[in-house]
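# okay, predicted coordinates and the sequence, questions at the end:
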Amino acid sequence: MSSNNTKFYIDGEWVAPAAPKLWDVINPATEEVAGQISLGSSADVDRAVVAARRAFPSYSATSREERLALLQKIVDGCEARSG
């Protein structure tokens, strides 16, 4: 798991939860704790919604090709970290 397991990616940065509440992630093969993540609170959701609403006007003006390119960058980043 990454070093940011207990933070949320909101508005372009990793942020600590408003009200930290950790949750164990269980490996189904071994039934052992594989790591921990944070559960979001309503304050975390509100912060993410505000960021999304602020980003929507410019994002909604992008073309299909620009959106696909952005999604491909995300896929490439995930594959680079997993391999």
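Structure received. In this text the structure is predicted, and so the values were computed from the model without any measurement. Numbers count the residues shown, from 1 in each chain.
# I'd like the distance between the residue nearest to G12 when sequence neighbours are not counted and K7.
Distance criterion C-beta to C-beta, 6 or more residues apart in numbering; nearest residue to G12, sequence neighbours excluded, is A51 at 7.9 Å. Every residue, glycine included, has its C-beta placed from N, CA and C. Separation of A51 from K7 (C-beta to C-beta, to the nearest Å) stands at 14 Å.
# likewise P17?
Distance of P17 to K7, computed by C-beta to C-beta: 7 Å.
# what touches both of those two?
Jointly contacting P17 and K7 under the rule C-beta atoms under 8 Å, 6 or more residues apart in numbering are S38.
# about what we covered before: any idea which element the residue nearest to G12 lies in?
Using DSSP states H and E, A51 sits within helix 42-60.
# quick check: angle from the helix or strand following that helix to helix 42-60?
If you walk from helix 42-60 toward the C-terminus, the next helix or strand you reach (DSSP H and E) is helix 64-82. Orientation check (axes from the mean of the first three to the mean of the last three C-alpha atoms, to 10 degrees): helix 64-82 against helix 42-60 gives 130 degrees.
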